[in-house]
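# Generate coordinates for the sequence data below:
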Amino acid sequence: MIKNFKWLLLVSLTFVACNDDEDIIVEEPVSAGSAVFSKYVALGDSFAAGFSDGALFIEAQKGAYPNILAQQFSEAGGGAFTTPFTADNTGGLLLGGNVIANQRLFFNGAAPTPVSGTPTTNVATKVTGPFGNLGVPGAKSYHLVAAGYGNVAGVAAGLANPYYARFSTSATSTVLGDAVAQTPTFFSLWIGGNDVLGFATSGGVGTNQTGNMNPATYGSNDITDPTVFASVYNTLVNGMTANGAKGVVANLPYVNTLPFFTTVPSSPLSPAALGANLATLNAQLYGPLKQALTVFGAGDRINLLSATAANPLLIRDESLPNLSAQLTAAFTPTLGATTAAFYGAVFGQARQTTSADLVLLTTQSAISAAPTAANSGLGFAPPAPLNSFGISYPLQDMHVLIPSEIEAIRVATDAYNTSIKAIADSKGLAFVDAKAIMNQLSSTGIVSNNFTMTSQFVFGGSFSLDGVHPSPRGYALISNAFIDAINAKYASTLKKVDLGKYRILFPASL
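Okay, here's the model as predicted:
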């Protein structure tokens, strides 16, 4: 009742202050509600760190969503919030004088390209904390509880994270331990994207570890077992809430909402681009392949190239039955045994892409390029005429996500999200449905502050030039979603930020 009386008094004063010349609008005061923001700590991966345009650099770190949140928390009793800033705005990392992570990208008007300059952020040069922003680019869920993940001595061998090595409190510390030691009153946790992302961005070159409960045996591109994820996530939340801290967590989007997987269409080969080669390809390659495959009941793998419509890419699908022996036998009478065996090996699991495939953003530069010994899948560079990726030679596993791989990612993501929501609910934490936000960005778009944000590569406003991480404005949009969730859960009245104050792309020079 007293609260209502105060509010009515505030409203009445507003009317008293008005005159014929000017109306004064009194905004609702900012309050923390039932949350306490005096000591805020953020746990997460590259999104929390502010990774953007393929690198971590100072200006991007400043606009990371935890930094934006901390700025808004400051108006509701929030304390100092520190970040382990890199040494420059070039991006990239050094270890022992060697570049181990490349500089950031900028848009030159035609395409993303690296900025000039050499990284100056040396992994072995420790920065002194403690730090409120504990976002670690590349971290998977179980890395946040792994002792030695910040040991500089393990970076070269791939046993430690170069970003965390700069600011870990010791060679044996854990990210969670460094967070809990600060006795936070409020925390944010957004982790799990990398538990499938490495598998996805590598084109599925990894292992689905579902059923394997030992993450010590996982490779960098493997999918984390959902039970392992649930156990680790529970440990993280229990650790952060042990002293009564409140917090906010977010779930995970599907990878097919990220422009890295949607920018290159499954049928990118125009008749004009193929030119006079189109008829030759049909007569000497696609026609004979389709004829032979039809005999073996697999004629739907290959169709003739169209002279009037965009054409699909030629890829190797490792999930298909391998018809190498059959093709070798079919081609031997006309090509000879040696050449026929070569064609059989190349096209035994070949097919054309469909709308169910996801062609990676990085594959754009590979299309029509000549395969090499390193990426042909054969151990040697194939000769002409089979020397054009996606056209006369199949793109390999690293280039495309096929339906079976997409499904494995989806199943794991759904399982992670189920755990995230259940654990958040059990602890009474604020919850951000990031999956729904990314779905909307990739479909209808989101209108905010008179800006229409979409997932379109480069010009959609939401994502940076690496196609995975947000742009400055994208991070601001995410921050507002976190603020909405916090206000709804804890009856706080935090202000959201104006998206117009955040750029879409960083210029070449900062």
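# residue ranges with poor pLDDT in the protein?
Residue ranges of the chain with pLDDT under 70: 1-27.
# Would you mind splitting it into its domains for me?
Domain ranges of the chain: 40-86+133-146+179-262+403-501, 271-352+358-401, per automatic domain parsing.
# Tabulate the ones you listed (a markdown table), appending mean neighbour count.
C-beta: built from backbone N, CA, C; applies to glycine. Listed next are those as a markdown table, based on neighbours: other C-beta atoms under 10 Å:
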| stretch | mean neighbour count |
| --- | --- |
| domain 40-86+133-146+179-262+403-501 | 21 |
| domain 271-352+358-401 | 17 |
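# I'd like a version of the ones you listed in a markdown table, one that adds distance to A160 as further columns.
Output for these, formatted as a markdown table (distance: least, C-beta to C-beta, whole Å):
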| stretch | distance to A160 |
| --- | --- |
| domain 40-86+133-146+179-262+403-501 | 9 |
| domain 271-352+358-401 | 25 |
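# wait, which of those domains is closest to Q103?
Closest to Q103 of the domains of the chain, according to C-beta to C-beta: domain 40-86+133-146+179-262+403-501, at 6.1 Å.
# Now do the end-to-end distance for that closest one.
24 Å (C-alpha to C-alpha, to the nearest Å).
# next one: stretch 348-355
End-to-end for stretch 348-355, by C-alpha to C-alpha: 22 Å.
# which residues sit against it?
Residues lying outside stretch 348-355 but in contact with it, judged by C-beta atoms under 8 Å, 6 or more residues apart in numbering, are 266-267, 289, 301-303, 311-318, 320-325, 327, 359, 394, 400.
# so what's G150 closest to, chain neighbours aside?
S168 (2.5 Å; C-beta to C-beta, 6 or more residues apart in numbering).
# Also F463?
F463 sits nearest to P259 (C-beta to C-beta, 6+ apart), 5.2 Å away.
# how about the one you found, phi and psi?
When quoted as degrees, to the nearest 10, the phi and psi of P259 stand at phi -60, psi -20.
# ranges for the strands of the stretch 101-250 of the chain?
All strands of the stretch 101-250 of the chain, identified by DSSP state E, counting those that start in this stretch, fall at 105-107, 112-114, 133-135, 186-190, 246-250.
# in its sheet, what does the first one sit against?
According to DSSP bridges, the neighbouring strands of strand 105-107, each with its direction, are strand 112-114 (antiparallel).
# Give the buried residues for the partner strand.
P112, P114 (16 or more other C-beta atoms under 10 Å).
# Excluding its own residues, what touches it? List them.
D53, G54, N102, Q103, R104, L105, F106, F107, V458, L465, D466.
# Recalculate using a threshold of 10 Å.
Strand 112-114 is contacted from outside by 53-55, 90-92, 102-107, 361, 457-458, 464-467, 505, 508, using C-beta atoms under 10 Å, 6 or more residues apart in numbering.
# what's the distance between that strand and the middle of its chain?
Put simply, strand 112-114 sits 18 Å off its chain's centre (C-alpha atoms, centre = their mean, to the nearest Å).
# swap in stretch 257-272?
The answer for stretch 257-272 is 18 Å, by C-alpha atoms, centre = their mean.
# contacting residues for the closest residue to D195 other than its chain neighbours?
Excluding its sequence neighbours, the residue lying closest to D195 (C-beta to C-beta, 6+ apart) is T224, at 3.8 Å. Counting by C-beta under 10 Å, 6+ apart, T224 touches 140-142, 192, 194-196, 198-199, 208-210, 212, 215, 218, 232, 412, 415-416.
# same thing with T262?
So T262 contacts V255, N256, L358, V359, L361, S442, S455, Q456, F457, G467 (C-beta under 10 Å, 6+ apart).
# What's the first helix or strand after the longest helix seen in the chain?
Using DSSP state H to define each element, the chain has its longest helix at helix 403-427. Where DSSP states H and E defines the elements, the next helix or strand beyond helix 403-427 is strand 430-432.
# did I read that right, L285 in a strand?
No: read with DSSP: H, G, I helix; E, B strand; the rest coil, L285 is helix and lies in no strand.
# hmm, back to that, show the backbone phi and psi for the residue nearest to D195.
The phi/psi pair for T224 (degrees, to the nearest 10) is phi -70, psi 140.
# Could you check how far it is from A408?
Using C-beta to C-beta, to the nearest Å, we find T224 at a distance of 12 Å from A408.
# With Q440 instead?
Counting by C-beta to C-beta, the gap from Q440 to A408 is 25 Å.
# Also G33?
41 Å.
# related to what we said a few turns ago, how about the strands of the stretch 101-250 of the chain in JSON lines, adding distance to N487?
Formatted as JSON lines, the strands of the stretch 101-250 of the chain follow (distance: least, C-beta to C-beta, whole Å):
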{"stretch": "strand 105-107", "distance to N487": "35"}
{"stretch": "strand 112-114", "distance to N487": "36"}
{"stretch": "strand 133-135", "distance to N487": "22"}
{"stretch": "strand 186-190", "distance to N487": "13"}
{"stretch": "strand 246-250", "distance to N487": "10"}
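# Just tell me which of the ones you listed ends up closest to T332.
Here strand 112-114 is closest among the strands of the stretch 101-250 of the chain (C-beta to C-beta), at 46.3 Å.
# give the contact list for V411.
V196, N208, T210, I223, P226.
# what's the angle between the longest helix of the chain and strand 246-250?
160 degrees (axes from the mean of the first three to the mean of the last three C-alpha atoms, to 10 degrees).
# on that earlier part again, list just the one of the strands of the stretch 101-250 of the chain that sits closest to T280.
With C-beta to C-beta as the yardstick, what comes closest out of these is strand 112-114 (33.6 Å).
# just to revisit the earlier point, just the ones in helices from the contacts of stretch 348-355, please.
Per DSSP H, these map to helices at L289, S324, A325, L327.
# Distance check, the last one against P321.
Using C-beta to C-beta, one obtains 12 Å as the distance from L327 to P321.
# Touching both of those two, which residues are there?
Common neighbours of L327 and P321 (C-beta under 10 Å, 6+ apart) are F296, A298, G348.
# Please identify which of the residues you listed is nearest to N161.
G348 (39.6 Å).
# Not counting its neighbours along the chain, what's nearest the closest one?
Nearest to G348 is S324, by C-beta to C-beta, 6+ apart, at 3.1 Å.
# And M398, by the same measure?
Spatial nearest neighbour of M398, excluding adjacent residues (C-beta to C-beta, 6+ apart): G203 at 4.2 Å.
# was I right about that neighbour contacting Q396?
Yes: contact status for G203 versus Q396: in contact at 7.7 Å, counting by C-beta atoms under 10 Å.
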